[in-house]
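S.K.: With the input below, show me the fold.
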Amino acid sequence: MKFDRNTVIGFVLLALLFLGMFWFNSKEQNRYLAEKHKTDEIKRIQDSTKRATDSIARFQQLDTLKTPVQVVHTAADSAGFQQALQGTEATTTAENDLIKVVFTNKGGQPKLVELKKFKGPDSSDVKLGATDFDRINYTIAAAQNKTVAVDSLYFSAPEKATAADGSTTVTYRARSAEGKEIVHQFVIHPNNYMVDFTISIDGAQQVIGGNTLNLTWQANAVQQQKDISYERGQSKIGYRFEGNFDNHTAIGGGSKEFKSTVNWVAVKQQFFNYTLLAKNGFSSGNLIWSAPTDSSNIVAQATANMQLPLQNNKAELAFYYGPNDYTTLKQYHNDMEDMVDLGSGMFAFVKYINRFIILPAFNFFSKFTPNYGIAILLLTLLIRLIISPLTYSSYLSGAKMKVLRPEIEQLKVKTGGDQQAMSMEQMKLFREAGVNPLGGCIPALFQVPIFFALYSFFNSNVALRGQGFLWANDLSQYDSIFHIPFSIPLYGDHVSLFTITAVLTSFLISLYSMSMTPDQGNPVMKYMPYFFPFILLFVFNKLPAGLTWYYTVSNLITLGLQFVIQTYIIDHDKILAKMEANRKKPKTKSKWAERMEQMQEQQKQVQQQRKK
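M.R.: I've put the predicted structure just below:
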């Protein structure tokens, strides 16, 4: 095998960049679990406001109210909303082509939402907001000197109506003995995941003590993917605060205080999100979240305590329970599409590659084939076509290095193993021949952002969820051909065949590439072709099958291009003739080259003095 120092440097840089995001994500999780959680707890205590304290008090009161008590009826029991505290829970259903919402009269709110286009782990429709933790709540005056949580009230039987445009309206009412009324109205629009929610309070001053509703929203995201630890790593808490989107990883928990306008708050898991929106904005509030690390099926949960000014005794809200689909969320024009993680953290810039190139191209190819594996193949061909100039430049640089191999071998003999002298003579040779020593690795580095864009794309593209291809049952999750009865550190408890094909093709590429470049005689470099694919074996094993399938196809294309370009396109005799012509031309050193030679000469002198 033949190796070139610059090529090896390129591989090392690629490996470091390639692993950077995975290492970063792992460190982020460990940091949140170990340290950030503690500091957030301290900060939460120090920065907690009177509103947060009041919210906790309301929760405690809510728990007390839910405890069965022996009621002794008096004349006062019929005052206010006392009678609404007794009743029997009943549900009603409203739906469109995308969702089915089950409402309950207990609290007059959604009990669960089913997504008709998506299946859960049990093969039934995905259910969101279906746990006892999920609720929308606020405190009302049930009677004189007595407050209760609104989800303790049994609203009257719902009024259900269908409009001419196909929308369905469900209205719940709770009346006091004095004629005050609380109305919860929901509107489900055709072909839409967004449900409008209006709270109307007649006599707000008496019912809630003012014109601001202290609303509490609780959301519990449950497992929807087979690898809950991976799903937790992909889950975040998001919000739009003062017109700007922001989010935090759910792992380790945390809190956020809002002192001004908030448009919406959300719990985002890998492919679905629960979002509460205020059409005129929440005036302030706080958000507290956590992500269990135990064996439960809870991915993340959040509690938002928000202040919502009433306008004409009404609060205009909406909730979104649906997929993290970029196109779907973008139509609402409120930055909800930013929850689709097409690039974040140190690689946030790749989201523009996804939004303007990869996602439109994938959607285009998906129109022509129902098989998403084929769509990924076509996407791979397009991406390789776009980067083909870089690919050719890289192979041409490799061909030039191959031509120079005999002269480099002669330099080794001439310098007698003096690495400093060898480096200087080699740079001189490259300059005379007109060869860029970084020509092979720089084009490869430009391809790194594309990989990280695809990493984000395949981890967040809900269209791939449940789509099978070859032996993979779901392209949005890892494929598994064998389950290991124990877990191997960093690897897992399964064998992914697409990971193996990606690793093997990467190994063949490394061998072929290294065989085209000069041997530096360094034993460490000798094993470089084996080192990089070995890392991929551990990195890729939990990644979506769509990504490892893409990488396999891309590697096969690379192998074919290497053979064709090196064998039939690149003329080594012409390259040699051109290099010889470059030698005869007068050379002007760049400032960078002059500095490098000066540094090398100084290092050589220092080494000679040390020897003396």
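
S.K.: which residues of the stretch 451-600 of the chain fall in helices?
M.R.: Along the stretch 451-600 of the chain, the segments classed as helices by DSSP state H, counting those that start in this stretch run 497-515, 523-526, 528-540, 545-564, 572-584, 591-611.

S.K.: Going by mean pLDDT, which of those comes out lowest?
M.R.: Set side by side, these differ in mean pLDDT, and helix 523-526 is lowest with a mean of 56.

S.K.: how close does residue 351 get to residue 410?
M.R.: To residue 410, residue 351 is 50 Å away according to CB to CB, to the nearest Å. C-beta here means a position set from N, CA and C on the backbone, and glycine is covered the same way.

S.K.: Revised request: answer the last question for residue 360.
M.R.: Distance from residue 360 to residue 410, counting by CB to CB: 53 Å.

S.K.: Kindly report the same for residue 170.
M.R.: With distances taken as CB to CB, residue 170 is found 86 Å from residue 410.

S.K.: The two: who's more crowded?
M.R.: When residue 170 and residue 410 are compared for neighbours, residue 170 comes out ahead with 21 against 12, by other CB atoms under 10 Å.

S.K.: Assign the more buried one to helix, strand or coil.
M.R.: Three-state call for residue 170 (DSSP: H, G, I helix; E, B strand; the rest coil): strand.

S.K.: wait, it sits on residue 159?
M.R.: Yes - judged on CB atoms under 8 Å, residue 170 makes contact with residue 159 at a distance of 7.4 Å.

S.K.: Identify the residues contacting residue 470.
M.R.: Residue 470 is in contact with residue 373, counting by CB atoms under 8 Å, 6 or more residues apart in numbering.

S.K.: Can you check what pLDDT the model gives it?
M.R.: Model confidence at residue 470, expressed as pLDDT, equals 92.

S.K.: Next: residue 135.
M.R.: At residue 135, the predicted lDDT confidence score is 92.

S.K.: For residue 303, list each beta-bridge partner.
M.R.: In this structure, residue 303 has the following beta-bridge partners (DSSP bridges): residue 218, residue 288.

S.K.: residues touching it, list them.
M.R.: Residue 303 makes contact with 216-218, 287-289 under the criterion CB under 8 Å, 6+ apart.

S.K.: go with 7 Å
M.R.: Under the criterion of CB atoms under 7 Å, 6 or more residues apart in numbering, the contact list for residue 303 reads 216, 218, 288.

S.K.: One more: residue 80?
M.R.: The contact partners of residue 80, by CB under 7 Å, 6+ apart, come to 141-143, 176-177.

S.K.: now do residue 359
M.R.: Residue 359 makes contact with 326, 457 under the criterion CB under 7 Å, 6+ apart.

S.K.: start the count at 517, not 1, going forward
M.R.: Got it, the first residue is 517 from now on, which makes the last one we talked about residue 875.

S.K.: just checking, it is part of a helix?
M.R.: Yes - with the criterion set as three-state DSSP, the secondary structure at residue 875 is a helix.

S.K.: residues near residue 1058, how many?
M.R.: The criterion is other CB under 10 Å. On that basis, residue 1058 has 19 neighbouring residues.

S.K.: ditto for residue 866
M.R.: Number of residues near residue 866 (other CB under 10 Å) recorded here: 23.

S.K.: hang on, isn't it packed against residue 972?
M.R.: Yes - between residue 866 and residue 972 there is a contact under CB atoms under 7 Å: 6.3 Å.

S.K.: what is in contact with these two at once?
M.R.: When contacts are counted by CB under 7 Å, 6+ apart, residue 866 and residue 972 have residue 859 as shared neighbours.

S.K.: low-scoring stretches of this protein, by residue?
M.R.: Residues of the chain meeting the criterion pLDDT under 70: 517-595, 913-920, 927, 932-938, 941-942, 945-960, 1029-1046, 1085-1092, 1094-1128.

S.K.: tell me the SS of the residue nearest to the spatial centre of the chain?
M.R.: Nearest to the mean C-alpha position of the chain, by CA atoms, centre = their mean, lies residue 857 at 3.7 Å. For residue 857, the secondary structure call by three-state DSSP comes out as coil.

S.K.: got a list of what the closest residue to it other than its chain neighbours touches?
M.R.: Nearest residue to residue 857 in three dimensions, chain neighbours excluded: residue 976, at 4.8 Å (CB to CB, 6 or more residues apart in numbering). Under the criterion of CB under 7 Å, 6+ apart, the neighbours of residue 976 are 840, 856-858.

S.K.: Wait, residue 777 touches residue 758, no?
M.R.: Yes - contact between residue 777 and residue 758 holds when scored by CB under 7 Å: they sit 6.0 Å apart.

S.K.: out of those two, which sits in the more crowded spot?
M.R.: The residue with the greater number of neighbours, taking residue 777 and residue 758 and applying other CB under 10 Å, is residue 777; the counts read 15 against 12.

S.K.: Let me know the distance separating that one from residue 1000.
M.R.: 51 Å.

S.K.: Tell me the bridge partners for residue 762.
M.R.: On DSSP bridges, the residues paired with residue 762 through beta bridges are residue 755.

S.K.: what separates it from residue 747, distance-wise?
M.R.: With distances defined as CB to CB, the gap from residue 762 to residue 747 amounts to 21 Å.

S.K.: Counting neighbours, go ahead and name the busier of those two.
M.R.: When residue 762 and residue 747 are compared on other CB under 10 Å, the one with more neighbours turns out to be residue 747, at 20 against 14.

S.K.: wait, what's in contact with that one?
M.R.: 739-741, 785-786, 815 are the contacts of residue 747 under CB under 7 Å, 6+ apart.

S.K.: Leaving out sequence neighbours, find the closest residue to it.
M.R.: Counting by CB to CB, 6+ apart, residue 741 is the residue found nearest to residue 747 once chain neighbours are left out, at 4.4 Å.

S.K.: same question, residue 601
M.R.: In this structure, residue 601 finds its nearest non-sequential neighbour in residue 668, 6.0 Å apart by CB to CB, 6+ apart.

S.K.: where's the one you found relative to residue 655, distance?
M.R.: With distances defined as CB to CB, the gap from residue 668 to residue 655 amounts to 10 Å.

S.K.: out of the two, which sits in the more crowded spot?
M.R.: The neighbour count for residue 668 versus residue 655, taken as other CB under 10 Å, is higher for residue 655 (23 against 19).

S.K.: For residue 725, see how far away the more buried one is.
M.R.: For residue 655, the distance to residue 725 - CB to CB - is 9 Å.

S.K.: Can you tell me the number of residues neighbouring residue 692?
M.R.: Neighbouring residues of residue 692 were enumerated by other CB under 10 Å; the total is 23.

S.K.: That one and residue 700, how far apart?
M.R.: With distances defined as CB to CB, the gap from residue 692 to residue 700 amounts to 15 Å.

S.K.: same deal with residue 1070?
M.R.: Residue 1070 is 53 Å from residue 700, by CB to CB.

S.K.: and what of residue 1028?
M.R.: Counting by CB to CB, the gap from residue 1028 to residue 700 is 67 Å.

S.K.: Comparing these two, which shows the higher neighbour count?
M.R.: When neighbours are counted by other CB under 10 Å, residue 1028 and residue 700 differ, and residue 700 comes out ahead with 25 against 16.

S.K.: Secondary structure class of that one, three-state.
M.R.: With three-state DSSP as the basis, the three-state label of residue 700 is strand.

S.K.: who touches it in this structure?
M.R.: 624-625, 671, 688, 715.

S.K.: and which of those residues is nearest residue 898?
M.R.: residue 625 (46.6 Å; CB to CB).

S.K.: Just confirm the closest one contacts residue 652, I think it does.
M.R.: Yes - Residue 625 lies in contact with residue 652 (CB under 7 Å); the separation is 5.1 Å.
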